[in-house]
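Undergrad: pasting the sequence and the predicted model now:
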Amino acid sequence: MTKKTIISKGVTFGSLFKIFFLGLFFSLGIPLLVLGVLAMFGNHIFFWNNQVILGIKGLLFGIALAPSIAIMMGFILSAIVGFGLWLYTRLFFLRVTFKLRSSFSDE
């Protein structure tokens, strides 16, 4: 794999949101799916208005919780990090190094 470096004057909010959303969704999705399965089998894991959510509702709640949390935290983190990067790029250029896949090689 080859590495490429990009020097940029900034990053868009959409790019930051996509990075944070995908990272949060895939890192929280598996544990919340496991918690949903446990709730389906009767463990008191999820509560809504002081009521336990069990059974198939618990499984669906666990599945629905992953994108909900990822969207909310993605917006919050993108706003915070976006502001910090905006301040940083007023003084310096942003240098990002990434690995290229073999299908993206220079031809």
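TA: Done, it's in.

Undergrad: can you show me the helices along the protein?
TA: 13-40, 55-91 (DSSP state H).

Undergrad: distance to residue 99, mean pLDDT and mean neighbour count added to those, as a markdown table?
TA: C-beta coordinates here come from the backbone N, C-alpha and C atoms, glycine included. Formatted as a markdown table, those follow (distance: least, Cβ to Cβ, whole Å; pLDDT from 0 to 100; neighbours: other Cβ atoms under 10 Å):
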| stretch | distance to residue 99 | mean pLDDT | mean neighbour count |
| --- | --- | --- | --- |
| helix 13-40 | 15 | 93 | 16 |
| helix 55-91 | 21 | 93 | 15 |
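
Undergrad: could you dump the ones you listed to TSV with distance to residue 5?
TA: What follows is the helices of the chain, written out as TSV (distance: least, Cβ to Cβ, whole Å):
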stretch	distance to residue 5
helix 13-40	17
helix 55-91	16
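
Undergrad: and those helices: which comes nearest residue 101?
TA: helix 13-40 (16.5 Å; Cβ to Cβ).

Undergrad: just checking, what packs against the closest one?
TA: Contacts defined by 3 or more Cβ pairs under 8 Å, 6 or more residues apart in numbering; DSSP states H and E place helix 13-40 against strand 46-48, helix 55-91.

Undergrad: nearest to residue 36, of these?
TA: Residue 36 lies closest, by Cβ to Cβ, to one member of the helices and strands packed on helix 13-40: helix 55-91, at 2.3 Å.

Undergrad: tilt between that closest one and helix 13-40?
TA: Relative orientation of helix 55-91 and helix 13-40, computed by axes from the mean of the first three to the mean of the last three Cα atoms, to 10 degrees: 160 degrees.

Undergrad: by contact count, what packs against helix 55-91?
TA: The contact analysis (3+ Cβ pairs under 8 Å, 6+ apart) places helix 55-91 against helix 13-40, strand 46-48.
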